[in-house]
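Engineer: Okay, sequence plus prediction incoming.
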Amino acid sequence: MDDFATRLLAWYDLHGRHDLPWQRDATPYHVWLSEIMLQQTQVATVIPYYERFTSRFPDIQTLAAAEADDVLHHWSGLGYYARARNLHKAAKMLVADFSGTFPADVEALQSLPGIGRSTAGAILSTALGGRAAILDGNVKRVLARFHAVEGWPGKNAVASRLWELAESHTPDCRVADYTQGIMDLGATLCTRSKPDCPRCPMADDCAALALGRQGEFPGRKPRKVIPTRTTSFVIAHTPKGELLLERRQPSGIWGGLWCFPEVDDDAGAIRYCEETLAVDVARTMALPTLRHSFSHYHLEISPLLLTLSKTPALIREGQELRCWPAEKAPAVGLAAPVKRLWEQAAEAIQNSGTGEDL
Ligand code: SF4
């Protein structure tokens, strides 16, 4: 075992996290789920989602048999919904092709949707007793700093170098502890800003610390200006006191989630009601603009609450439209801004008998 791994394990025994919910019963299913949830999301945020998700879907079989809406509903608020769709698809594949068990092989694991090399390594080493390196965001930061690896890890050459280092430090024994330990070191001491070097077991020979350049590793992604897109949402309110949602296509932003119909502007919202829903609009009310940021653009949403003269027939080829009582957002997959707008619309309906005519 190399000196890096020895020191890391000694530190982990004393200071690592040993009581995370997915560690209490570290089955491959639990480790997989936690790894997917932890991509782009902090531990503290993940824990309540993880608890709710596992109590509703306690095993792969239950997840595979679930309706997509139910899975997305339990993911609602965590963001990056492709993760939930892939999780569901992978569960179905595990049941259909692997008898409901995880293959103890990195390549076979990587053949499942949403499982990359690092997640496969984490499942194998943490839950299946194998040996495999991992390279998630925390590990990249620790290794890039310890070895002063220049460059942005999104570049192939930098990623290859980091993988080589990850492989070389991964020990042959106590791999599960090592894997958890290096993630914990990155999450608790070698943090993105203000790393706590004086308490770090790697401080004696950390290259970034010796250079006084901890903040420069790993290299940053070249900056791009993120564009802003504008859109309008049709919040159609029926005479029965319901709001209407449309299920989005399976791929793309908010794929498979229920959303207010999207149009270009207020005039488009009226047209949507008249032409697509084939009902007249009795009243309109503009709700405050909402800004939502994705990794590659900002979305500025102008929501328009429209009171319909009658309940639409909801027949539209190739798309799904449904109404639910306005008082409470339905228990289906809803993107965070849709949920927020639902609550605002419900409040506006309750408080107001009047609307502002266009
Ligand atoms: S010494 Fe500092 S920069 Fe180096 S690995 Fe430890 S916490 Fe990170």
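Structural biologist: In hand now; what should we look at? Computed from a predicted structure; not experimentally measured.
Engineer: what about Val71, helix or strand, and which?
Structural biologist: Secondary structure assignment for Val71, by DSSP states H and E: helix 68-75.
Engineer: List the buried residues in that helix.
Structural biologist: Residues of helix 68-75 classed as buried: 68-75 (neighbour count, 16 or more other Cβ atoms under 10 Å). (Glycine included, C-beta is placed from N, CA and C.)
Engineer: what's the closest non-adjacent residue to the residue in the stretch 1-150 of the chain that the ligand sits nearest to?
Structural biologist: Closest approach between the stretch 1-150 of the chain and the ligand, counting by Cβ to the nearest ligand atom: Arg145, at 4.0 Å. Among residues not flanking Arg145 along the chain, Ala208 sits closest, at 3.9 Å (Cβ to Cβ, 6 or more residues apart in numbering).
Engineer: what's the neighbour count on Pro42?
Structural biologist: One correction, residue 42 is Gln, not Pro. By the criterion of other Cβ atoms under 10 Å, Gln42 has 9 neighbours.
Engineer: my bad, should have said Val158
Structural biologist: Neighbours of Val158 (other Cβ under 10 Å): 18.
Engineer: which ones are touching the residue lying closest to it once chain neighbours are set aside?
Structural biologist: Take Val158 and drop its neighbours on the chain: the residue closest to it by Cβ to Cβ, 6+ apart is Gly151, 4.0 Å away. Taking Cβ atoms under 8 Å, 6 or more residues apart in numbering, we find Gly151 in contact with 157-158, 218-219.
Engineer: Mind picking the two most distant members of those residues?
Structural biologist: Farthest pair in the contacts of Gly151 (Cβ to Cβ) is Ala157 and Pro218. Separation: 13.0 Å.
Engineer: higher neighbour count, these two?
Structural biologist: Pro218 (22 against 8).
Engineer: isn't that one right next to Ala144, touching?
Structural biologist: Yes. Proximity of Pro218 to Ala144 meets the contact threshold set by Cβ atoms under 8 Å, at 3.8 Å.
Engineer: list residues touching both of those two?
Structural biologist: Between them, Pro218 and Ala144 share the contacting residues Pro153, judged by Cβ under 8 Å, 6+ apart.
Engineer: Pull up the pairing partners for the helix or strand containing Met285, direction included.
Structural biologist: If you go by DSSP H and E, Met285 is part of strand 281-286. Sheet pairing for strand 281-286, assigned by DSSP bridges, gives strand 298-308 (antiparallel).
Engineer: Where does pLDDT dip in the chain?
Structural biologist: Scanning the chain for pLDDT under 70 picks out 315-319, 353-358.
Engineer: ok, 80 please
Structural biologist: Across the chain, the ranges flagged by pLDDT under 80 are 1, 314-319, 352-358.
Engineer: Get me the contact residues on it for the ligand.
Structural biologist: 142, 145-146, 189-190, 195, 197, 200, 202-203, 206, 208-209, 214 (Cβ under 6 Å from any ligand atom).
Engineer: By neighbour count, which of these wins?
Structural biologist: Val142 (29 neighbours).
Engineer: In contact with the closest residue to the ligand within the stretch 201-350 of the chain, which residues?
Structural biologist: In the stretch 201-350 of the chain, the residue that lies nearest the ligand is Cys206 (3.1 Å; Cβ to the nearest ligand atom). Taking Cβ under 8 Å, 6+ apart as the contact definition, Cys206 lies against 145-146, 197, 200.
Engineer: out of these, what pair is the most spread apart?
Structural biologist: Top of the distance list for these (Cβ to Cβ): Phe146 and Cys197, 11.0 Å.
Engineer: Need the contact partners of the helix or strand containing Ala122.
Structural biologist: Ala122 belongs to helix 117-127 when assigned by DSSP H and E. The contact list for helix 117-127, computed with Cβ under 8 Å, 6+ apart, reads 26-28, 30-32, 35-36, 39, 102, 104-107, 109-110, 115, 130-136, 139, 163, 170, 175-176, 178-180.
Engineer: Just the buried residues of the residues you listed.
Structural biologist: Judged by 16+ other Cβ under 10 Å, buried ones among these: 26, 28, 30-32, 35-36, 102, 106, 109, 115, 130-136, 139, 163, 170, 175-176, 178-180.
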